[in-house]
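Enquirer: I'd like to go over a predicted model; first the sequence, then the structure.
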Amino acid sequence: MNDLSPTAIAALNRRNGQPMNLSRRGFLGASLGALVLGVSVPVGPARAQGAAAAVAPGTRVRAFLEIRPDGAVLFRSAFIEGGQGIFTAMAQIVGEELDVDPARFLVEGAPPGPDYLLTGGARFTGGSMSVRMSYETMRKLGASARQMLLQAAAKRWGVPTASLSTEPGQVLHAASGRKLPYGDIAAAALNEPVPRDAPLKSRAEFRWIGKPVPRLDVRDKATGKARYSIDQTLDGMLHAAVQHAPRLGGEPGALENEAEVRRMPGVHSVHRLPGAVAVLASSWWRARRAVEALRVSWAEPAVGTAHAMPVDFSSDGHRAALKAATGDGVAYETVGDVAVGLRSAARSVEATYDAPHLAHGQLEPPSALARWNPDGTLELWIPNQAPEMFQAAAAKIAGLSPDKVMIHSPMLGGFFGRHFLYASANPFPQAILLAKAAGRPVKLIWSREEEFLRDALRPMGVARFQAGLDAAGLPVALSAVAVGEGATGRWFGRQPDKVDSSAVEGIAGKPYAIANRRVGQIHVDDPAVIGFWRSVGHSMNDFFYETFFDEMAEAGGQDPYELRRRLLVNSPRHRALLEAVADLSGGWRRGPFTAGDGSRRARGVAMASPFGSEVATIAEVSLRRGVVVVHDLWVAIDPGSVVNPAIIEAQVTSAAALGLSATLLEQVVYQDGQPQARNFDGYPILTPDRMPQVHVRIVESGAPMGGVGEPGLPGVPPAVVNAVAALTGQRVRSLPLAKATFPGAPG
């Protein structure tokens, strides 16, 4: 899900280059007496640093796996479960090579530590990276554990290891017919050396990889047993609620009625925090009522305050500033000679597009639970996508070394890029300070209103296009300039003479055979706190590019599907995918046409290449009383290879829903430096009655494995908008569609 581009990952690795120390608690084995394949790792600053230097991430079986006497397997996942099915996928991959049914796995998030730095020397759950960046490593881990079990069984029976085999959960000796359950030899296997090159299964031997294995977390979620950060409790804890400054950068001044609030039922104390005030109470509801009753005089931001929100900032003003930026920007991609191509073209086409700030709006409100322990260490239960990064940040806030901070990472109530380390958009720094002040554990939950006020938004973006067509109406040159700021540059640093890849992904790297191409970026600071949003730059840039593609086709008298197909002559993988989505939809038909229910409909098509996967999308729409109705979405996805097709289909469907919500409805509107929506009553999202049927076809091309959590989203906005244009003759270049009116359109 989320949410980082490759450039962001590289930056994360630079920032996070030194492995974090292990926590004081240690992990695996010793603290869980019933689990017998696993050991406690030496802890303490010096010993942890030594262990970090010696560990090759993903190779130490003991850090990941424990086998119980009954044969059940506890697996510590380097990646966090947030609804994307990662725990199930990890169980499939490891279980395949270990030869254990994934249904026998218990999976939990691993604590910070060098063993789990599997994303290029760091750890981050996002960017649709988890499976594709750890697949081979996790297969080898499972195979190594299986080999250790075979070696232990061979010693017990006094037979050659080569004479043994496995079937799910047990070792077999075919010559004698003997069997040993894994649980009976797990303790002995613990003492076996980890093999360097344990053999891996061939694809033909797979029992679970590539199969629609049921999700491991469904039952607990369906029965209410799943525990998120918001559900965590500790003995003696206090509940906290906050009220933030209306504009980022403001600080609390006088509290007019502080004494009165302190006397409210259940109130423990009132606190000033950087940019906020807080109340601790015996319940969260009491804390919230009290903090909202506080009458605060907010001081204006001090001169030089980083990212302070200007009092005159508005969405309309920022959009106008982006559109007013001139020039071609810094080049990111250059093929051929665009200037020559445009001069020699028979016809020129130009268009400018924009997309708004978007909120994350995940179901689970931000929360954090902090406890200072008697030995001076700090424990945090926080939703996060990068435990080591959060550990380092928490240590800095607390004035501790990282090995004194233990991060617990419960499953997340949604990803979407929301749980990254955004400086002002996370509650855990406040929880740390409040727990320290109170001398008791503190559980802080942000109300939905505070969440909307402090969310890290998808950036606003603008893109300008110009294309040159030859006499036959075929594109010979294309120039694109993205204007705005990318999330990667915001959080990992930006070089003035280089383009932020997250600002142009989805515009650059397109597979169409256009001889002369140039993609550039003009950087314009976004005054809002911006962050990663599901599919990152692709979420708007593919809308920009793929809708302009249709404008090129129309100007040249070309069918948009056939033009795409023609321009994919040098990319058989993309062409096959385009043909697959057309076949899935029953054959390409643009429209307008009359459907069986009598409504007038049309279709749009789009392609996208996000996060190592390829996607083609077709949307069918109509209008009902001037409102866009999306009836069907057909999505063909080629992720290279597949671990769990059921999870892929679910992820594509959920991504399509989010993409459609953004297309039709969503936008964060600022006036006077403040977001106008503070809850879902002012920020409408897609409702169930507007959700179309999503049809998914998985095309397994055998290319290197790509991501699946985010690629289903970017093709939806352009496919829908292209369909609307075909139906109404009206080209929409600014999202969401709720802003547009369609006078005289079919109803």
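Expert: Ah, there it is. Numbering: from 1, shown residues only.

Enquirer: Specify which residues of this structure, grouped into ranges, have pLDDT under the cut-off.
Expert: Across the chain, the ranges flagged by pLDDT under 70 are 1-53, 744-747.

Enquirer: show me what contacts the residue lying closest to Ser585 once chain neighbours are set aside?
Expert: Of all residues beyond its chain neighbours, the one nearest Ser585 is Trp634 (4.2 Å), with distances taken as Cβ to Cβ, 6 or more residues apart in numbering. In this view, the C-beta of every residue, glycine as well, is placed from N, C-alpha and C. Contacts of Trp634 were listed using Cβ atoms under 8 Å, 6 or more residues apart in numbering, and they are 581, 584-585, 617-619, 694-695, 697.

Enquirer: which neighbours does the helix or strand containing Trp634 have in its sheet, and in what orientation?
Expert: Counting by DSSP states H and E, the secondary-structure element that holds Trp634 is strand 627-638. Each strand paired with strand 627-638, and its direction, by DSSP bridges: strand 614-624 (antiparallel), strand 693-698 (parallel).

Enquirer: With distance to Ser654 and mean neighbour count added, can I get the ones you listed in JSON lines?
Expert: Supplementary listing: those in JSON lines, determined by distance: least, Cβ to Cβ, whole Å; neighbours: other Cβ atoms under 10 Å:
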{"stretch": "strand 614-624", "distance to Ser654": "14", "mean neighbour count": "26"}
{"stretch": "strand 693-698", "distance to Ser654": "9", "mean neighbour count": "17"}
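
Enquirer: Please name whichever of these is nearest to Gly327.
Expert: Closest approach to Gly327 among the strands paired with strand 627-638 is made by strand 614-624 (32.1 Å; Cβ to Cβ).

Enquirer: next one: the closest one to chain centre, how far?
Expert: Between the centre of strand 614-624 and the centre of its chain there are 23 Å (Cα atoms, centre = their mean, to the nearest Å).

Enquirer: ditto for stretch 510-525
Expert: Between the centre of stretch 510-525 and the centre of its host chain there is 25 Å, according to Cα atoms, centre = their mean.

Enquirer: Tell me the span between the first and last residue of it.
Expert: End-to-end distance of stretch 510-525: 26 Å, with Cα to Cα, to the nearest Å as the criterion.

Enquirer: Could I get the buried residue list for that stretch?
Expert: By neighbour count on 16 or more other Cβ atoms under 10 Å, the buried set for stretch 510-525 is 510, 512, 514-524.

Enquirer: next one: stretch 443-451
Expert: Taking 16+ other Cβ under 10 Å as the basis for neighbour counts, the residues of stretch 443-451 that come out buried are 443-451.

Enquirer: residues making contact with that stretch?
Expert: Defining contact as Cβ under 8 Å, 6+ apart, one finds that stretch 443-451 is touched by 230, 232-234, 237-244, 278, 284, 288, 365-370, 427, 430-431, 434, 454, 678-680.

Enquirer: got the residue ranges for the helices in the stretch 51-200 of the chain?
Expert: Here the stretch 51-200 of the chain has its helices, by DSSP state H, counting those that start in this stretch, at 61-64, 86-98, 130-157, 182-189.
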